[in-house]
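Asker: only geometry, no sequence info:
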């Protein structure tokens with residue numbers, strides 16, 4: 001997917017300003033994958049074994065991890081796509097349907113969480129309620 005779809009798509013964009021972040025799944029951090037991503041993104045790669053090491057199992061660190069991927073996945077697989085074309089159509093549709101207001105609310109919740117974490121010096125946040 002990276003070599004056949006992602007990298008060719010990047011050719012349409014200025015990647016000098018882009019950062020790439022991925023989780024620490026073993027299949028995502030194979031040497032060949034990391035080398036390819038380092039070649040493309042240089043020091044702007046956030047990944048296990050990448051130039052910017054992202055801690056494993058830290059799903060609360062970014063809105064992509066704690067919200068967006070789960071939200072997208074729940075909608076993409078809702079109708080149980082049976083073909084790659086159907087899956088791709090669902091991904092495109094779900095991503096296109098995400099409204100700026102939703103992303104603003106997600107970022108607002110995230111920054112509130114960061115403010116609380118800073119103020120509490122990293123202690124747990126049981127009373128934080130994330131709003132949609």
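Answerer: Yep, it's here. The shown structure was predicted, so the numbers you read here are calculated from the model rather than taken from an experiment.
Asker: how far away from the center of its chain is the longest helix belonging to the chain?
Answerer: The longest helix of the chain (DSSP state H) is helix 100-119. In this view, helix 100-119 has its centroid 16 Å away from the chain centroid, taken as C-alpha atoms, centre = their mean, to the nearest Å.
Asker: so which elements touch it?
Answerer: Counting contacts by 3 or more C-beta pairs under 8 Å, 6 or more residues apart in numbering; DSSP states H and E, helix 100-119 packs against helix 63. C-beta here means a position set from N, CA and C on the backbone, and glycine is covered the same way.
Asker: now the helix it packs on: mean pLDDT?
Answerer: Averaging pLDDT along helix 63 gives 73.
Asker: what helices and strands are in contact with the lowest-mean-pLDDT helix or strand in the chain?
Answerer: Lowest by mean pLDDT, DSSP states H and E among the helices and strands of the chain is helix 63, with a mean of 73. When contacts are defined as 3+ C-beta pairs under 8 Å, 6+ apart, helix 63 sits against helix 100-119.
Asker: give the rounded mean pLDDT of the helix it packs on.
Answerer: 80.
Asker: what pLDDT does the model give the spatially closest residue to residue 33 that is not a sequence neighbour?
Answerer: Leaving aside its chain neighbours, residue 33 sits nearest to residue 2 (6.7 Å; criterion: C-beta to C-beta, 6 or more residues apart in numbering). In this model, residue 2 is scored at 83, pLDDT.
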